[in-house]
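Asker: model the structure of this input:
(2 chains)
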Amino acid sequence: MRKPLLRLEGLTKAYPGVLANDDVSFQIGEGQIHALLGENGAGKSTLVKMIYGLVKPDKGRMTLRDRPYAPAQPSEARQNGVAMVFQHFSLFDALDVAENVALGMENPPPLRDLAKRIRDVSADYGLPLDPNRLVGDLSAGERQRVEIVRCLLQDPKLLIMDEPTSVLTPQEVEILFRTLRQLSAEGTAILYISHKLEEIRALCDEATILRGGRKVATCDPREKSARELAELMVGQILTPPERAAKPRGDVLLSVENLSLKSNNPFGTSLKDITFQLHGGEVLGIAGVAGNGQDELLLMLSGEIPSPAGQVRLKGQPIGQFGPNARRLRGLVTAPEERLGHAAAPDMSLTANALLSGAARKGLVKKGFIDWKKTDSFAREIIARFDVRTPGSHVLARALSGGNLQKFVIGREIELKPDVIVVNQPTWGVDASAASFIRQALLDLASAGAGVLVISQDLDELLEVADSFAALNEGRLTRVRPAKGLTVEEIGLMMGGAHDMHPAHEDAE
Amino acid sequence: MIRLEKRKEPSKFWRIANPFLAVALTMVAGGIMFAMLGKDPITAIRLIFFDPIFSETFGSYSRPQLLIKSAPLILIAVGLAIGFKANIWNIGAEGQYIIGALFGAGVALAFFPAPGWYIFPLMVIAGAFGGFLWAMIPAILKTRFNTNEILVSLLLVYVAEKILAAMALGVMRNPDIAGFPGSRDLRRYEAAYNAELISGTGIHWGVVAALIAVIFAYAMMTRHMLGYHVQLAGQAPRAARFGGVSPARLVVICLGISGALAGLAGMFEVSGPGGQVRIEFASGYGFTAIIVAFLGRLNPVGIVLAGLLLGLTYIGGELGQMMLQLPGAAIQVFQGMLLFFLLALDFQTNYRIRLTQGARA
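Answerer: Have a look, this model is predicted:
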């Protein structure tokens, strides 16, 4: 048995209307890699925030190495050797790596010394990082390394990682895992939060599963199947998505030799993109974040116009059209960023239903909005896609990520499109909502629509896609049938390891 | 220690309560200012905020004045508020007001002394067009060259003032009275005179126009797609693009509407209460309207109330100058304080202020 490092006893935290954590107890051993599993809203982040000193528990206590531990704020947690890598990076694009690291430290050393320490630490742990590069030029995987190195410089006893692999290629994941195992071998405990069950089974010694704020089990994940873990998490039996076999239809959407400059200085320009999407086909596009996914979606949605003939819908040129003209012709899109792009945070769900519904649903007559009809459209989405909300008057930003995602995807599906393009359809969504969304997309394809899924979640793509391509630095690979592709082949399509050497080879 | 917590949703209560609180705080701070000037604060506050309406001595004069002063404020603020909602900041309504007045007066002076029912409608169109044109300068510079509309529109105010002076001394000067700056008095030219419609009320065509603008703005913001797009662009620019809003088009529309309404206000002023093109014609309505727009929560109905209040301070300020020898700048200080307190208070619409004990960051 390992010596316990952090022990949680009866932690309870209530917010108005919800019990986020209810009497949660477990312990993390020194050097242990401990998984924290749970659906969205299961209370993982509240729990982690309590450990990191962002939230104060109502009841219960924590001990760190047998001494009472009650951090009033993150700086106190860090002084006690608890560090955290957040899911959303808090980095400044326009500053270089060393400057970003310095910003997150209590007493940063002079930048030159810091740069040297960054080099040393990153070499020790197989996370190559140039301290002088601008963060804006880094890939998502490299940005994550900045965050990890920032934590490692503080010599943590416990490293909390929130969904670290959602932005990585399989090769990068492998390298990250080696780093984490090395840390663990050196005695640093890791609290690892993830939805990806296979990963947890590969990496973690122990897993604690939360459901509805309570702990439902602590187990050895290697002794359970991914499905058993998922069912513990959800509390119900899961069925993988199914689809009726259907012959491939005509070409619905085609893009030919399209190059497009990104409208964002830190974005990725598209280079010579060519693909075709048929009716009934689900085309999966993989790639590490920041390789042109956003630009591809903006190009297809019409937010960035392109030469008319290079984008065609059912044979007709549509490149010159804006978003609404494309919607009218049957092409709808769902961007990755739910709050602020696919939905306006401070508007009600009804007003957000109008955002893309206006053109196709006849919600506007002579410029005047038919609010009654819009509201019933919003209610329809809420009912059909099981969006948990008190009503259509609720502001978009008040919904949880998963619920808003169901609303956004549901809205586009309800428009009964000929072609739908979605970017990260299940990002940050819990297992049951994710399988629901995937099923809805497959149903749409079965009904004859063309579905294009851009995702960084390979398991998801392999589950839904008929054909497969990858984006790498703005270039799209040839489209290949998904059947028979191995994860290694996919990894190579995605452009390999982005200047990463498999750790530890060059460290020796 | 004081801690700030972001609210999950903006507080509805404070949204409504803050303007009232800001007025109350302004009265207190203003009272202190008057006391320091050696005036009796209670009398001064009463003179500014209550006497213009309730006093028997001045009431009959100042009550109609209320609508005369408030109408241009409301007319301009309604247009500004639409742009502000879309995060398009037209700070130069004063300039558009002046150019609108010059266009309106220009039409009148061109026809002088011909009679004709069509002259006044032509002046209305010209006034709106003048303001629109002046607002198109920042709009086009912004959409073409990505300049900042705040700076451009503001600086164009001073250009407009120079043009006004040049007109009053030059082309538009009254040829019949040699040596005096200023144009003919439009109040004496019947076809161009924006007369009081119901005697003793202060209601002229500008008041009617303000009322119509308020109704139209209200309908547009709540029912029309354009209002929806304006709000989208202001709250979530990326979502607006996703919804098919063209940012450049919106800049042109918002600056166009606010410019045209400011131009109208100027035209109704120069053909009525103002009477003639003079060097000192501009009286700061374009700037005060910014305060009106914010105090009215960018909401057309709120703007009516805020416009009446600020109109009141104009009249009250004049009374104060007359009766208590208050300095003329006192009223501007007053208006400034109002905006200051409102913006400061608005902080608590989005944040909760908590007092915590111990633990230091």
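Asker: mind listing what the residue nearest to residue B:122 when sequence neighbours are not counted touches?
Answerer: Leaving aside its sequence neighbours, residue B:122 sits nearest to residue B:107 (Cβ to Cβ, 6 or more residues apart in numbering or on different chains; 5.3 Å). (Each C-beta comes from the backbone N, C-alpha and C, glycine too.) Applying Cβ atoms under 8 Å, 6 or more residues apart in numbering or on different chains to residue B:107 gives the contacts B:119, B:122, B:123, B:126, B:192.
Asker: tell me the one of the residues you listed nearest residue A:262?
Answerer: residue B:126 (45.6 Å; Cβ to Cβ).
Asker: from chain A, how far off is the closest one?
Answerer: Separation of residue B:126 from chain A (Cβ to the nearest Cβ, to the nearest Å) stands at 27 Å.
Asker: correct me, but that residue touches residue B:264?
Answerer: No. Residue B:126 is beyond contact range of residue B:264, at 10.1 Å (criterion: Cβ atoms under 8 Å).
Asker: more neighbours, these two?
Answerer: For residue B:126 versus residue B:264, neighbours defined as other Cβ atoms under 10 Å in any protein chain shown are more numerous around residue B:264 (32 against 21).
Asker: and the helix or strand harbouring the more buried one, what's its mean pLDDT?
Answerer: Using DSSP states H and E, residue B:264 falls within helix B:247-270. Helix B:247-270 comes out with an average pLDDT of 96.
Asker: how close does the most centrally placed residue in chain A get to residue A:224?
Answerer: In chain A, the residue lying closest to the centroid (Cα atoms, centre = their mean) is residue A:427, at 4.0 Å. Residue A:427 sits 25 Å away from residue A:224, taking Cβ to Cβ, to the nearest Å as the criterion.
Asker: so what pLDDT did the residue nearest to residue B:122 get?
Answerer: At residue B:107, the model reports a pLDDT of 96.
Asker: what parts of the stretch 51-200 of chain A come near chain B?
Answerer: A:72, A:73, A:75 (Cβ under 8 Å from any Cβ of the partner chain).
Asker: now flag whichever of those residues is closest to residue A:120.
Answerer: residue A:75 (24.3 Å).
Asker: is the helix holding residue B:264 positioned near chain A?
Answerer: No. Between helix B:247-270 and chain A, judged by Cβ under 8 Å from any Cβ, nothing touches; the nearest distance is 10.5 Å.
Asker: buried residues, that helix. List them.
Answerer: Buried residues in helix B:247-270, defined by neighbour count with 16 or more other Cβ atoms under 10 Å in any protein chain shown: B:247, B:250-270.
Asker: elements contacting it?
Answerer: Using 3 or more Cβ pairs under 8 Å, 6 or more residues apart in numbering or on different chains; DSSP states H and E, the elements in contact with helix B:247-270 are helix B:59-85, helix B:93-111, helix B:119-145, helix B:149-169, helix B:205-223, helix B:225-235, helix B:237-242, helix B:285-295.
Asker: quick one: the last one to helix B:59-85, angle?
Answerer: Going back to what we said before, that points to helix B:285-295. Interaxial angle, helix B:285-295 versus helix B:59-85 (axes from the mean of the first three to the mean of the last three Cα atoms, to 10 degrees): 70 degrees.
Asker: same thing with the fourth one?
Answerer: For the pair helix B:149-169 and helix B:59-85, the angle between their directions (the same axes, to 10 degrees) equals 140 degrees.
Asker: list the contacts of helix B:149-169.
Answerer: Under the criterion Cβ under 8 Å, 6+ apart, residues B:88-96, B:98-99, B:101-102, B:134-135, B:137-139, B:141-142, B:181-183, B:251, B:255, B:277-279, B:281-282, B:286 lie in contact with helix B:149-169.
Asker: if we use 6 Å, what do you get?
Answerer: For helix B:149-169, the surrounding residues in contact (Cβ atoms under 6 Å, 6 or more residues apart in numbering or on different chains) are B:89-92, B:94-95, B:98-99, B:102, B:138, B:141-142, B:181-182, B:277-279.
Asker: grab the nearest non-local neighbour of residue B:41.
Answerer: residue B:31 is the one closest to residue B:41 (Cβ to Cβ, 6+ apart), at 3.5 Å.
Asker: quick one: which helix or strand includes the one you found?
Answerer: helix B:12-36.
Asker: other SSEs contacting that helix?
Answerer: Judged by 3 or more Cβ pairs under 6 Å, 6 or more residues apart in numbering or on different chains; DSSP states H and E, the packing partners of helix B:12-36 are helix B:41-49, helix B:329-350.
Asker: could you dump those into a markdown table with mean neighbour count and mean pLDDT added?
Answerer: Formatted as a markdown table, the helices and strands packed on helix B:12-36 follow (neighbours: other Cβ atoms under 10 Å in any protein chain shown; pLDDT from 0 to 100):
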| stretch | mean neighbour count | mean pLDDT |
| --- | --- | --- |
| helix B:41-49 | 19 | 87 |
| helix B:329-350 | 17 | 86 |
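Asker: for those, which one sits closest to residue A:121?
Answerer: When the helices and strands packed on helix B:12-36 are ranked by proximity to residue A:121 (Cβ to Cβ), helix B:329-350 comes first, at 39.7 Å.
Asker: quick check: buried residues in the helix or strand following the closest one?
Answerer: Downstream of helix B:329-350, the next assigned helix or strand under DSSP H and E is strand B:351-355. Buried positions in strand B:351-355, judged by neighbour count with 16+ other Cβ under 10 Å: residue B:351.
Asker: next, the angle helix B:329-350 makes with strand B:351-355.
Answerer: 80 degrees.
Asker: residues touching strand B:351-355, excluding its own?
Answerer: For strand B:351-355, contacts defined as Cβ under 6 Å, 6+ apart pick out B:3, B:4, B:5, B:6, B:7.
Asker: what angle sits between it and helix B:12-36?
Answerer: 70 degrees.
Asker: now the stretch 51-200 of chain A against chain B: closest residue?
Answerer: residue A:72 (4.6 Å; Cβ to the nearest Cβ).
Asker: helix or strand for that residue, which one?
Answerer: Residue A:72 is part of no helix or strand when elements are defined by DSSP H and E.
Asker: so it versus residue A:25, what's the distance?
Answerer: Distance, residue A:72 to residue A:25, using Cβ to Cβ: 22 Å.
Asker: then residue B:190?
Answerer: Residue B:190 sits 90 Å away from residue A:25, going by Cβ to Cβ.
Asker: just give me the neighbour total for the closest residue in space to residue A:385 that isn't next to it in sequence.
Answerer: Nearest residue to residue A:385, sequence neighbours excluded (Cβ to Cβ, 6+ apart): residue A:410, at 3.4 Å. Number of residues near residue A:410 (other Cβ under 10 Å) recorded here: 24.
Asker: Three-state assignment for residue A:410, please.
Answerer: Counting by DSSP: H, G, I helix; E, B strand; the rest coil, the backbone at residue A:410 sits in helix.
Asker: shaky segments in the chain?
Answerer: By default, I'm working from chain A. Segments of chain A classed as low confidence (criterion: pLDDT under 70) are A:1, A:17, A:40-41, A:166-167, A:195, A:236-246, A:487, A:495-508.
Asker: nope, chain B
Answerer: Scanning chain B for pLDDT under 70 picks out B:1, B:8, B:356-361.
Asker: alright, that wraps it up for me.
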